[in-house]
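**Q** For reference, the sequence and a predicted model appear below.
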Amino acid sequence: MKTKSTTFESALKKLEETVEKLEEGTIPLNEALTTFESGVHWSRECKKFLENAGQRIETILKNENGEYEQKEFVLDK
């Protein structure tokens, strides 16, 4: 299911489509189970993207001593 060009946005869209299909409640049980499995897959993919983003943010926020610095967030205008 996953390709090298999968992005967070495309994985999230697939997850949303899967949830909508399941919420309709009109598909047969076997198809619903397959669709649910697909949803779990896309949910895990989204989670991986978010975890990686969190790790990147932590790396960016560390100072030269490997400690985190609290900085005031200022929105550039």
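**A** Received it, and whenever you're ready, just let me know what you need.
**Q** Report the distance from the top helix by length along the chain to the chain centre.
**A** The longest helix of the chain (DSSP state H) is helix 29-61. In terms of Cα atoms, centre = their mean, to the nearest Å, the centre of helix 29-61 is found 4 Å from the chain centre.
**Q** Which strands or helices does it pack on?
**A** If contacts are counted by 3 or more Cβ pairs under 8 Å, 6 or more residues apart in numbering; DSSP states H and E, helix 29-61 sits against helix 8-24. Yep, even glycine has a C-beta here, placed from its N, CA and C like the rest.
**Q** The helix it packs on: how far from the chain's middle?
**A** Using Cα atoms, centre = their mean, the offset of helix 8-24 from its chain centre is 12 Å.
**Q** What residues of that helix count as buried?
**A** Using 16 or more other Cβ atoms under 10 Å as the test for burial, helix 8-24 gives 11, 14-15, 18, 21-22.
**Q** can I get the residues you listed in TSV with distance to Ala53 and pLDDT?
**A** Listed next are the buried residues of helix 8-24 as TSV, based on distance: Cβ to Cβ, whole Å; pLDDT from 0 to 100:
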residue	distance to Ala53	pLDDT
Ala11	13	97
Lys14	18	97
Leu15	16	98
Thr18	22	97
Lys21	27	96
Leu22	27	97
